[in-house]
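Q: next input, structure requested:
(one chain, ligands or ions: 1)
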Amino acid sequence: MGLRVFLLLWALSLPVFAEQAGAGYTMRRVTDIFKPLSRPAEMIHESAVVVLVICAGIFIVVTGLLVFIVTKFRLRADDDGQEPPQIYGSTQIELAWTVIPILIIVVLIMVASRTIGEIQNMKMPENAIKVRVVGHQWWWEIHYPELGIVTANELHIPLSDRDPDKATPTHLVLQSADVIHSYWVPQLAGKTDAVPNRDNELWFDPYETGVYFGNCAEYCGTQHANMLIRVIVHTPENFQRWVADQKAPVPEPQTVDEIEGHRVFFANGCVSCHTVDGTVAEGVFGPDLTKLMTRQTLGAGVAPITDKNLWSWVKDPQVLKVGCLMPDMQLQDSEVDFIVAYLKTLK
Ligand code: CUA
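A: Numbering: from 1, shown residues only. Below you'll find the predicted structure:
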């Protein structure tokens with residue numbers, strides 16, 4: 001595909017994505033560490049700037065000296081070909097190039113450890129939203145233990161405030177079901193690993209609504225690059241609406257296709273990996289599908305949820321996401337039609 005065609009297709013896909021965000025929030029798809037919109041990201045940004053300035057100073061001094069020496073002592077036409085005097089064992093020079101770098105590194109260590117300490121020791125207020133995020137190959141399982149909600153890949157949180165009295169931060173506990181993953185939404189907080197048999201913590205308190213993009217930031221296998229993160233930051237009212245919507249029971253299948261789809265879904269082993277609340281589907285190896293249609297994407301961000309993509313995914317997930325752990329279930333096209341009709345009721 002030519003670059004121009006690709007760019008055109010990409011541009012055309014943007015409004016579709018924006019529409020699926022539902023509430024018309026800004027899509028913050030450029031994951032920019034220089035535009036923090038949450039306190040921990042801001043603290044990291046501040047120390048990154050200090051480190052950058054120190055390193056830029058070193059770069060300028062070293063490069064400047066190098067350019068100066070290369071120019072001043074370049075080979076000239078009247079060079080006599082003699083080797084210049086060789087100097088050994090200058091205590092002054094050796095001390096200078098040992099002590100100064102040590103001091104610089106100590107400063108950098110102090111800057112970094114102060115920021116890490118401040119972020120890790122931050123007291124979470126009572127009203128903080130608690131979330132447990134579990135990394136899987138290659139998707140994110142998301143639990144809100146206090147709200148009784150389970151979802152996947154797309155984290156919904158409320159807007160917070162710079163004023164600590166009004167802040168409603170979100171406190172994440174990161175875990176992993178298999179290998180090491182890393183949860184990173186650059187505009188909201190630092191990169192934090194999700195390690196098997198260990199709880200790591202992370203918090204966000206976003207100042208602006210929007211759909212924030214992030215990635216798994218630790219190589220975790222074939223589809224590491226398609227283990228995408230979306231954080232949807234809602235106004236408090238919209239967040240409450242989202243919570244209520246997630247807790248509302250899923251409507252029963254109505255049409256003939258939906259009912260047949262429901263039957264095929266339960267007859268084909270889908271239930272051993274997926275959960276649909278209120279049914280015998282209680283599998284936990286794959287994403288919870290209870291409110292599938294309220295999400296923007298499938299396959300952890302690999303494609304937007306559309307009829308065509310749902311069909312392709314159910315027919316053979318290996319087409320959209322090669323190597324993913326959901327196998328081709330060898331379904332007939334008609335069975336896929338029915339299952340898609342049923343899946344579309346999950347909202
Ligand atoms: Cu998960 Cu990389």
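Q: residue numbers of this structure in contact with the ligand?
A: Residues of the chain that fall close to the ligand, judged by C-beta under 6 Å from any ligand atom: 135, 138, 181, 216, 218-220, 224, 227. Just so you know, the C-beta spots here come from the backbone N, C-alpha and C atoms, and that holds for glycine as well.
Q: show me the residues you listed that map onto strands.
A: Applying DSSP state E to the residues of the chain next to the ligand, the entries found in strands are 135, 181, 216.
Q: please list only the buried members of the residues you listed.
A: 135, 181, 216 (16 or more other C-beta atoms under 10 Å).
Q: which ones are touching the first one?
A: What it means is G135. Contacts for G135 (C-beta atoms under 8 Å, 6 or more residues apart in numbering) come out as 141, 174-178, 180-181, 183, 194, 216, 220, 227.
Q: mind redoing it with 6 Å?
A: 176, 181, 194 (C-beta atoms under 6 Å, 6 or more residues apart in numbering).
Q: mind listing the strands for the stretch 201-347 of the chain?
A: Using DSSP state E, counting those that start in this stretch, the strands of the stretch 201-347 of the chain run over 210-216, 228-234, 297-298, 303-304.
Q: residues making contact with stretch 236-255?
A: 23, 147, 149, 156, 158, 259, 262, 291, 342, 345-346.
Q: could you chop the protein up by domain?
A: 43-74+89-120, 129-247, 256-343 (automatic domain parsing).
Q: just for this structure, where's the confidence low?
A: Low-confidence segments of the chain (pLDDT under 70): 1-23.
Q: quick check, central residue of it?
A: G214 (2.8 Å; C-alpha atoms, centre = their mean).
Q: report the beta-bridge partners for that one.
A: When bridges are called by DSSP bridges, G214 pairs up with I229.
Q: distance of it from H171?
A: 17 Å (C-beta to C-beta, to the nearest Å).
Q: ok, and for the biggest helix by length in the chain, which residues are buried?
A: The helix that spans the most residues within the chain, counting by DSSP state H, is helix 39-72. By neighbour count on 16+ other C-beta under 10 Å, the buried set for helix 39-72 is 39-45, 47-48.
Q: who are the packing partners of it?
A: Where contact means 3 or more C-beta pairs under 6 Å, 6 or more residues apart in numbering; DSSP states H and E, helix 39-72 is packed against helix 91-120.
Q: tilt between the helix it packs on and helix 39-72?
A: Taking axes from the mean of the first three to the mean of the last three C-alpha atoms, to 10 degrees, one finds that helix 91-120 is oriented at 160 degrees with respect to helix 39-72.
Q: now do the buried residues in helix 91-120.
A: Neighbour count says helix 91-120 has 111, 115, 119 buried, by 16+ other C-beta under 10 Å.
Q: check stretch 140-156 too.
A: 140-144, 149-156.
Q: same check on stretch 211-228?
A: For stretch 211-228, burial by neighbour count (16+ other C-beta under 10 Å) applies to 211-218, 220, 223-224, 226-228.
Q: now do the helices in the protein.
A: For the chain, applying DSSP H gives helices covering 3-20, 39-72, 91-120, 236-247, 256-267, 307-315, 317-320, 333-343.
Q: the fourth one versus strand 228-234: what angle between them?
A: Calculated by the same axes, to 10 degrees, helix 236-247 forms an angle of 120 degrees with strand 228-234.
Q: next one: helix 236-247 to chain centre, how far?
A: 22 Å (C-alpha atoms, centre = their mean, to the nearest Å).
Q: export it to PDB, keeping only CA atoms.
A: The C-alpha trace of helix 236-247 is given here as PDB (Å, rounded to 0.1, in the frame of the first residue of the first chain):
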ATOM      1  CA  PRO A 236     -17.700  13.000  37.300                       C
ATOM      2  CA  GLU A 237     -21.300  12.800  36.000                       C
ATOM      3  CA  ASN A 238     -20.300  10.800  33.000                       C
ATOM      4  CA  PHE A 239     -18.200   8.500  35.100                       C
ATOM      5  CA  GLN A 240     -21.200   7.800  37.400                       C
ATOM      6  CA  ARG A 241     -23.300   7.100  34.200                       C
ATOM      7  CA  TRP A 242     -20.600   4.700  32.900                       C
ATOM      8  CA  VAL A 243     -20.600   2.900  36.300                       C
ATOM      9  CA  ALA A 244     -24.400   2.600  36.300                       C
ATOM     10  CA  ASP A 245     -24.400   1.400  32.800                       C
ATOM     11  CA  GLN A 246     -21.700  -1.300  33.500                       C
ATOM     12  CA  LYS A 247     -23.700  -2.600  36.400                       C
END
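Q: how about it: buried residues?
A: Under 16+ other C-beta under 10 Å, the buried positions of helix 236-247 are 238-239, 242-243, 246.
Q: excluding its backbone neighbours, what's nearest the residue of the stretch 51-200 of the chain found nearest the ligand?
A: Scanning the stretch 51-200 of the chain for proximity to the ligand using C-beta to the nearest ligand atom identifies H181 as nearest, at 3.4 Å. Of all residues not flanking H181 in the chain, G135 sits nearest, at 3.2 Å (C-beta to C-beta, 6 or more residues apart in numbering).
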